[in-house]
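Visitor: Structure, please.
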Amino acid sequence: MAQLLFKLGRWSFHKKWIVISLWLVILAGMAGAAFTFQKPFTTQFSISDTPSITATKTLVENFPDSGNPVNAAGVNLVFAAPEGESLAQPENSAAIDDVIAYIETNLEDLTGTERFGNPIEVSPALQEMVVETATEQGLPEETARADAENLKMLSDDGRIGYTTFTFDVPTSMDVTQEHRDVVHEAMEIGREQGIQVEAGGAGFGDPIQIKTTSEIIGLAVAFVVLLFTFGSLVAAGLPVLTAVIGVGIGALAILLSTAFVELNNITPVLAVMIGLAVGIDYALFILSRYRAERRRLPADEAAGLAVGTAGSAVVFAGATVIIALAALSIVNIEFLTAMGLSAAFTVFVAVLVALTFIPALLGVLGNRTFSGRIPGVAGNPLKKGGKRRRGRTLGNRWVSFVHKVPGLVMAVVVLGLGALTAPVLDLEMALPSDSTSNLDTTQRKSADLMAEGFGEGVNAPFLVIVDAHTVNPDAQALQPLIRAQTDMAEQAGETVDEQSTAALSSFLYSVGQLNSLHNVKHAQLIATNGDSTAAQILVTPFTGPDEPITAEVAAALRAQGQEIEDATGVEIGLTGLTAVQMDITESLAGAMPLYLAVVVGLAIVLLLLVFRSIMVPLVAGLGFLLSVGAAFGVTVLVWQQGLWGLVSTPGPLISFMPIFLIGVTFGLAMDYQVFLVTRMREHYTTLQKQAARGATAASVSPADRERMVARGNLTAVEESTIVGFTRGARVVTAAALIMIAVFIAFIDQPLPFIQIFGFALAVGVFFDAFFIRMALVPATMFILGRATWWMPRWLDRILPSLDVEGAGLEEEWEHRRAERETHKEAAKGLESRSNA
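Guide: A predicted model of the protein is given here:
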């Protein structure tokens, strides 16, 4: 592969205008297609074949006119009177009437208006209707009044009330800004008259707003880091330019794909975040190697060799990131698969751009590549004509310190990161909802007011679907209810339909059984279909949607549902937005151990092939677990537990954040492992070859040894670790800082889950790059000694060889160079003899 990449790099250098034109044409073509055919992103996080989705299908089949409650664009409009007042006071009630009237006048496409209106009037009327209807059906008045109480729209003290309606659109993602504007204007009418008005619900979520400042800040910081890395204005701009091209193509491709598949609205954000970071880093690695090779080679061969060596590592590192992201598909969760594949495609484009666009730009710039030098930066002289600064680098000083006390360094890293992992035990996960929104949003305020006035459970209702097509009329559990209905029918002189009687009995029996569950506030029958073969039961828990107890209630409802099925022959399903979100969270949590095992196993196998060592992959894999665990722990401390008040609204982490963090951190961790350890492996292999030819292990020149290695007796492993670390530390440090800057800049985004992603990824990169790759890895190498690079001969023979560091290419190139020099010397000798 290194030979192929060498040819690709040199070809791109010479055919620079063709390469640049092709990429620009691709970018323009993708932009045109994307803006022409793109469709809106969805706000839904759904999974096929979960119990709640299956129950939703049953609901739609039996109640075709009621629509899908999971996708319904419902709105809760909540009113609160000032402290010490009630909504029934004339001025407050009039304000509510004005709000309702404005919505009725300006929003014609409304459905679900059974509970729409001034709660002062609608709530008592609704409650009375529920009591009359239930008692007419034979329910005890006490039960009927409990049902009516559960549906009330006015709090006991009369200060808080609410009303509901649904936008007449196919799904909540079809709600337009015009719809939202009308509701906002109506809310302001009420607020101006002195009452608090807030809105929430699935139909009133804020549209995804992406601030471009995050990308700008990330790019600006990356440019500064690159300035300190190269000491050149021109060179610092190249990786930024190529990353923007690559991410632009990737993001536009994601926009275009919405014409064919449904994508969640945070998919492009994550793809841009990851693609931008790796795009800059990969270009940095190639450009850094080009600078080193340019000191001894012509520009075209330096570009080819940089792509053949560092480019090989880029391909491998990019492949690991792509595999880690694409492997999210094994979890079998549609929106997560789409997110992973979209980000993977963006990384793929970033790799291709780095391998071709960078050498093409080098061909255009030529000797001006490192122009615009900044005095005193990156070894540049302070004044023109001055000497370059020499001396031991910071990386060399650090690795020399690790060499002196490897055991201490290992203990600090393992114990420190292990301690930071402890908060993971308290990890709570949930999907975004009104109850987890920022405290200053109207959605969160509406949820808090609802909880204050009607209990936390009002924000977490469950819908139980009873399908009685298969009800058993002879079921013992139903006999008392069947006899009661039969007696009533006979007294009224009505004909008894055995199947319908059994079905209704199963509905009533189900309500009674569900009401008996602990932490269930109330269960009530709210609807039956036309032929009385199916029913909807509203179950209200005591706790809110983000409480662990609510998840226990869901499990208890399903367990109770199974008992009801066994006792009556009906089919029971649990659905509703709360149940769907909990199923997604549970599926993600269940898939996390499998995914973690896959990516860690993948890391060990890939590194085994690359480094021909048993211990290096094991240390890398265990180090990855430490870094990702610490990243989880710190994220839980800050965003869930509200450490030091750093965030305004602590709460459960978004459900798919942990599994996505594992995938991305794994890919990036392998990047740093490859780019740092290949330098060590490269030097170790050189020492082994020289030793085989009779040279000593201390094979570097005296000047290099004085600059890079502390004086003393060094083994081949120690020297290769110190020399390789010294050569690679600067570029890996720059790459890590760039990634951290890009990720941390996304904390500036308005959406909490994007903020958490940016923070978690930045922390993960920080721990992995600086604690694992730059501390734990060299420390373990010093401790293990020769065992670092040990591999059983039988395993070495059967494993394919991957020349990631391009050692074979360099050896072949040096051989050809030596041959050319020999031919030149021979030609000079012949010319001299001829002249004589």
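
Visitor: Just checking the distance from stretch 613-632 to the centre of its chain.
Guide: 20 Å (Cα atoms, centre = their mean, to the nearest Å).

Visitor: quick one: buried residues of that stretch?
Guide: 613-617, 619-632 (16 or more other Cβ atoms under 10 Å). All C-beta atoms are positioned from the backbone trio N, CA, C, and that covers glycine.

Visitor: Which helix or which strand is home to Gly573?
Guide: Assigned by DSSP states H and E, Gly573 belongs to strand 571-575.

Visitor: any weak-confidence spans in the stretch 551-700 of the chain?
Guide: 692-700 (pLDDT under 70).

Visitor: And the pLDDT for the closest residue to Val409 other than its chain neighbours?
Guide: Take Val409 and drop its neighbours on the chain: the residue closest to it by Cβ to Cβ, 6 or more residues apart in numbering is Ala779, 4.3 Å away. Looking at Ala779, its pLDDT reads 96.

Visitor: can you pull the contacts of Ala779?
Guide: Each residue near Ala779 by Cβ atoms under 8 Å, 6 or more residues apart in numbering is listed here: Val402, Pro406, Gly407, Val409, Met410, Val413.

Visitor: can I get these in TSV with pLDDT, distance to Phe746 and neighbour count?
Guide: As requested, the contacts of Ala779 are exported to TSV (pLDDT from 0 to 100; distance: Cβ to Cβ, whole Å; neighbours: other Cβ atoms under 10 Å):
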residue	pLDDT	distance to Phe746	neighbour count
Val402	95	32	22
Pro406	95	36	20
Gly407	95	38	10
Val409	96	32	23
Met410	96	33	19
Val413	96	27	24
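
Visitor: Now do the following helix or strand past the strand holding Gly573: which elements does it pack against?
Guide: Counting by DSSP H and E, the next helix or strand C-terminal to strand 571-575 is helix 577-611. When contacts are defined as 3 or more Cβ pairs under 8 Å, 6 or more residues apart in numbering; DSSP states H and E, helix 577-611 sits against helix 51-62, helix 299-326, strand 429-430, strand 462-467, helix 548-568, helix 615-635, helix 657-692.

Visitor: Mind listing what's buried along helix 577-611?
Guide: 577-588, 591-592, 595-596, 598-600, 602-604, 606-608, 610-611.

Visitor: Does anything pack onto the strand holding Gly573? Which helices or strands?
Guide: Using 3+ Cβ pairs under 8 Å, 6+ apart as the test, strand 571-575 ends up in contact with helix 51-62, strand 462-467, helix 548-568.

Visitor: Out of these, which is the most enclosed?
Guide: strand 462-467 (a mean of 26; mean count of other Cβ atoms under 10 Å).

Visitor: contact partners of stretch 135-155?
Guide: 87, 115, 119-120, 122-124, 126-128, 130-131, 134, 160-163, 452-454, 484-485, 488, 508, 521-522, 524-525, 538, 540.

Visitor: In PDB, could you pull the C-alpha coordinates for that stretch?
Guide: Output in PDB follows, covering the C-alpha atoms of stretch 135-155 (Å, rounded to 0.1, in the frame of the first residue of the first chain):
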ATOM      1  CA  THR A 135     -71.500   5.500  35.500                       C
ATOM      2  CA  GLU A 136     -73.800   4.900  32.500                       C
ATOM      3  CA  GLN A 137     -71.400   2.100  31.500                       C
ATOM      4  CA  GLY A 138     -71.800   0.500  34.900                       C
ATOM      5  CA  LEU A 139     -68.700   1.700  36.700                       C
ATOM      6  CA  PRO A 140     -68.900   2.600  40.400                       C
ATOM      7  CA  GLU A 141     -69.300   6.400  40.900                       C
ATOM      8  CA  GLU A 142     -66.100   6.300  43.100                       C
ATOM      9  CA  THR A 143     -64.100   4.900  40.200                       C
ATOM     10  CA  ALA A 144     -65.700   7.400  37.700                       C
ATOM     11  CA  ARG A 145     -64.800  10.300  39.900                       C
ATOM     12  CA  ALA A 146     -61.200   9.100  40.300                       C
ATOM     13  CA  ASP A 147     -61.000   8.900  36.500                       C
ATOM     14  CA  ALA A 148     -62.300  12.400  36.200                       C
ATOM     15  CA  GLU A 149     -59.900  13.700  38.800                       C
ATOM     16  CA  ASN A 150     -57.000  12.200  36.900                       C
ATOM     17  CA  LEU A 151     -58.000  14.100  33.700                       C
ATOM     18  CA  LYS A 152     -58.500  17.500  35.400                       C
ATOM     19  CA  MET A 153     -56.900  20.500  33.800                       C
ATOM     20  CA  LEU A 154     -56.900  22.800  36.800                       C
ATOM     21  CA  SER A 155     -54.800  22.400  39.900                       C
END
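
Visitor: so for that stretch, what's the average pLDDT?
Guide: On average, stretch 135-155 scores 87.

Visitor: now stretch 11-22
Guide: Here the average pLDDT along stretch 11-22 is 94.

Visitor: before we move on, the earlier item: select from the contacts of Ala779 every entry located in helices.
Guide: Val402, Pro406, Gly407, Val409, Met410, Val413 (DSSP state H).

Visitor: now the end-to-end length of stretch 10-24.
Guide: Using Cα to Cα, to the nearest Å, the end-to-end distance of stretch 10-24 comes to 20 Å.
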